[in-house]
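S.K.: Take a look and give me a structure for this.
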Amino acid sequence: MASRTRRHGAARSAREGSRRRLPLRLLLPLLVLVALVAMLMLRGYVHSEILADHRVQPPAPTTHVPEKILEGGPVIDVRGGRTESLSVPDHRLVLTFDDGPDPTWTPKVLDVLKKYDAHAVFFVTGTMASRYPDLVQRMVDEGHEVGLHTFNHPDLSFQSKKRIDWELSQNQLAITGAAGVRTSLFRPPYSSFADAMDDKSWPVTEYIGSRGYLVVVNNTDSEDWKKPGVDEIIRRATPHGGKGAIVLMHDSGGDRHQTVQALDRFLPDLKKKGYEFDNLTEALDAPSAMSPVTGAELWKGKAWIFLVQASEKLTDVLVVGLAVIGTLVIARFGLMLLLSVVHARRVRRKRFRWGQAITEPVTVLVPAYNEAKCIENTVRSLMESDHPIEVIVIDDGSSDGTARIVEGLGLPHVRVIRQLNAGKPAALNRGLANARYDLVVMMDGDTVFEPSTVRELVQPFGDPKVGAVAGNAKVGNKDNLIGAWQHIEYVMGFNLDRRMYDILGCMPTIPGAVGAFRRSALEPFGGMSDDTLAEDTDVTMALHRAGWRVVYAENARAWTEAPESVQQLWSQRYRWSYGTMQAIWKHRRAVIEKGPSGRFGRVGLPFVSLFMIVAPLLAPLIDVFLLYGIVFGPTQKTIVAWLGVLAIQAVCAAFAFRLDRERMTHLISLPLQQILYRQLMYVVLLQSWITALTGGRLRWQKLRRTGAVGAPGGSAPQQRGRSSHDRRPVA
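M.R.: Residues are numbered from 1 along each chain as shown. This is a model prediction of the structure:
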């Protein structure tokens, strides 16, 4: 008994452990999202959009600053308890450049220095060194010294010791990763002459000296950042009486063309006057401030540079992707609006006819697997049809008495065919083999038709070139939030899309809920194929390639039961998106073929791939950059841009609802749908991509139904018991 109890306990623990394990379909998208957010945060950090502090301390008293510092030279050495200041000897100039490296101006400065065989000191920020490591390497290779200028360029008098250490270590890490060296030179941001040291900046200088750094300010300021003109920059940078000096210039922070031009005159002129342009340690006849780094610290620096470069490239790709998706979204909406207007005007003309009116009977196929809760509503709705029909219900191995329910109704012109469970395509093919008529309507077992649906659906067959017709599928259970979101999607997305695709002649899918076919058009390629999980998309593409027209009948309305839970919706859309990818891949050769197949391949397949696979996958970039912009970027501009995109979507949605004569009140949930629902669809599509790329196989998943959908104005649907378990997908 005890051992059995232990076994049961172990089994229960194993089951609980498996339940706690995050499903792979959630884990992979979550990892992708975390990696993306991490890269964006890193990019924001190295662009001084995160953790940046732009405050500048106003002048303070100098009570606690030693007199010899205030009256001393521009090099302050407080290392190891010393308090000394040093000056550059006469006829020696140390050119210093702050805030770089800059991809535009630093190379030009380096070129001028190389031209005149002059050395300088570049006080680089960690952000710029991380982004442009090759320039730091060039500085070192060409004999210049580099110094720290903090990572994010904050005024250190506002910062804690912990933040100062962070600024120094991150700045040093960037230099190590870029050039494989570390430096003992440091220049504080917003620093000036030594006599400008005050009671706020002096404690910082002491602390930095205690960390082993030589603090370098300046005693000659070119003020090139003011762009006063080349002559004025040269005048201000030239010391008087042959004295030595540390000259402050900038190679970043804006347009530095005046600095470059001034250097090109300044260097040869002062060399003729006997000046030497040295590194700081050369000018002071001191050991080099730079030392090579090896081992773990070097690899740590290289790893940092690699991650920063990766975040830069990824962000560049994302920005391009955002531009692409923005263009695609606007272009798609514009195209949908334009072509939907064309479609509506064409089919709503008073004298519009598809051809000779279709009055002969048609066959309606209803494949059903465990549809006991819905099948009676479905079949009874067909009995109200104002077009002559025969109904064939193909019971695909149901275990809930679906076939018995239909047989028990005793309705005329309704047949039941039983078969072992073989899948929806096999059930439809069984129905096709038993259909009496050439025109065949296909619907799902959870869908109800209006009395005019069949008649409206088959009228386009008056055109002998039409091989299939897509009906207007609508969400019947839109009284909950998920249903309301799908209602918007069906009206705005699917049906507005179908109008566009109808005009373009590349309708990608005849919906399984309401579609009609010529049986003679299906027979050459064996009816419905089970090669993909989207047999409706597969057969539609096959018809296009065979030269048949596929059109949209807007008045052939069908009311279907949409998934009512996230789990159900996930299962359905996962199958749809994966099946669509399979169908595109199956018909890929159409791109290079001739005739109707080639026309569809070069028009239809790119449109379907772009708007149904690529664009939805990139669409979340809008929301990612929205969040990033609100938190770290220009918040107002970001919100305005997002609201602009939402306004475009709202206009399209309102237009689609008006075309379908739907109430506008359902659009209240559109903003929330765009924020939450699209993310779910993105994760589903990403999971489908992962499944496809890894060669995985996806099983058909049957959704549990409630039987709650009836045609508008019809009798209330009969419920056959409803519980929370009805919403679970069944494999």
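S.K.: In the stretch 101-250 of the chain, mark out all the helices, start to finish.
M.R.: Counting by DSSP state H, counting those that start in this stretch, the stretch 101-250 of the chain has helices at residues 105-115, 126-131, 133-141, 161-179, 201-210, 230-237.
S.K.: Same question for the stretch 351-500 of the chain.
M.R.: Applying DSSP H, counting those that start in this stretch to the stretch 351-500 of the chain gives helices spanning 375-383, 402-409, 424-434, 453-458, 481-488, 496-504.
S.K.: Would you tell me which one of the ones you listed is buried the most?
M.R.: Among the helices of the stretch 351-500 of the chain, ranked by average contacts under mean count of other CB atoms under 10 Å, first place goes to helix 453-458 (a mean of 26). Where C-beta positions appear, they are placed from N, C-alpha and C, glycine not excepted.
S.K.: Low-confidence regions, the stretch 251-400 of the chain specifically.
M.R.: Along the stretch 251-400 of the chain, no part satisfies pLDDT under 70.
S.K.: pretty sure residue 144 is touching residue 117, no?
M.R.: No - checked against CB atoms under 8 Å, the pair residue 144 and residue 117 is beyond contact range at 11.9 Å.
S.K.: hang on, the earlier thing: for residue 188, which of the helices of the stretch 351-500 of the chain is the nearest?
M.R.: helix 481-488 (55.0 Å; CB to CB).
S.K.: which ones are touching the residue lying closest to residue 202 once chain neighbours are set aside?
M.R.: Leaving aside its chain neighbours, residue 202 sits nearest to residue 65 (4.6 Å; criterion: CB to CB, 6 or more residues apart in numbering). Shown in contact with residue 65 (CB atoms under 8 Å, 6 or more residues apart in numbering): 197-199, 202.
S.K.: Just among these, which is most surrounded?
M.R.: residue 197 (26 neighbours; other CB atoms under 10 Å).
S.K.: Now for it: which residues touch it?
M.R.: Each residue near residue 197 by CB under 8 Å, 6+ apart is listed here: 62, 65, 69-70, 76, 205, 217.
S.K.: Show only the entries of the residues you listed found in strands.
M.R.: residue 76 (DSSP state E).
S.K.: Pick the most deeply packed of the helices of the stretch 101-250 of the chain.
M.R.: Most buried among the helices of the stretch 101-250 of the chain, counting by mean count of other CB under 10 Å: helix 126-131, with a mean of 28.
S.K.: For the closest residue in space to residue 71 that isn't next to it in sequence, the count of nearby residues, please.
M.R.: Computed as CB to CB, 6+ apart, the closest residue to residue 71 that is not its neighbour in sequence is residue 195, at 7.0 Å. For residue 195, the count of nearby residues is 14 (other CB under 10 Å).
S.K.: same thing with residue 67?
M.R.: Residues near residue 67, counting by other CB under 10 Å: 8.
S.K.: Repeat that for residue 71.
M.R.: 10.
S.K.: And for residue 272?
M.R.: Neighbourhood size, residue 272 [other CB under 10 Å]: 8.
S.K.: Going forward, the N-terminal residue is numbered 727.
M.R.: In the new count, where the first residue is 727, that last one comes out as residue 998.
S.K.: and it, how far is that from residue 958?
M.R.: 21 Å (CB to CB, to the nearest Å).
S.K.: So for stretch 1283-1299, what gets flagged as buried?
M.R.: Using 16 or more other CB atoms under 10 Å as the test for burial, stretch 1283-1299 gives 1283-1291, 1294-1299.
S.K.: So which of those are in strands?
M.R.: 1283-1286.
S.K.: Closest to residue 1004 out of the residues you listed?
M.R.: Nearest to residue 1004 among those, with distances taken as CB to CB, is residue 1286, at 81.3 Å.
S.K.: is it true that the closest one touches residue 1204?
M.R.: No - taking contacts as CB under 8 Å, residue 1286 lies outside contact range of residue 1204: 10.8 Å.
S.K.: how about the helices in the stretch 1227-1376 of the chain?
M.R.: Counting by DSSP H, counting those that start in this stretch, the helices of the stretch 1227-1376 of the chain are 1245-1248, 1261-1271, 1292-1312, 1321-1325, 1331-1334, 1341-1344, 1346-1358, 1361-1385.
S.K.: Residue 1023 is nearest to which of the ones you listed?
M.R.: helix 1346-1358 (29.9 Å).
S.K.: Report the mean per-residue pLDDT for the closest one.
M.R.: The pLDDT scores in helix 1346-1358 average 73.
S.K.: cool, stretch 781-792 as well?
M.R.: The predicted model gives stretch 781-792 an average pLDDT of 92.
S.K.: Could you do stretch 1210-1219 as well?
M.R.: For stretch 1210-1219, mean pLDDT rounds to 85.
S.K.: what does stretch 900-912 give?
M.R.: pLDDT averaged over stretch 900-912 gives 97.
S.K.: Ok, stretch 1382-1397 next?
M.R.: 85.
S.K.: swap in stretch 795-804?
M.R.: For stretch 795-804, the mean confidence score works out to 95.
S.K.: buried ones in it?
M.R.: Across stretch 795-804, burial judged by 16+ other CB under 10 Å covers 795-796, 798-804.
S.K.: I'd like these written out as CSV, with distance to residue 1076 added.
M.R.: As requested, the buried residues of stretch 795-804 are exported to CSV (distance: CB to CB, whole Å):
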residue, distance to residue 1076
795, 94
796, 94
798, 96
799, 95
800, 90
801, 92
802, 91
803, 95
804, 93
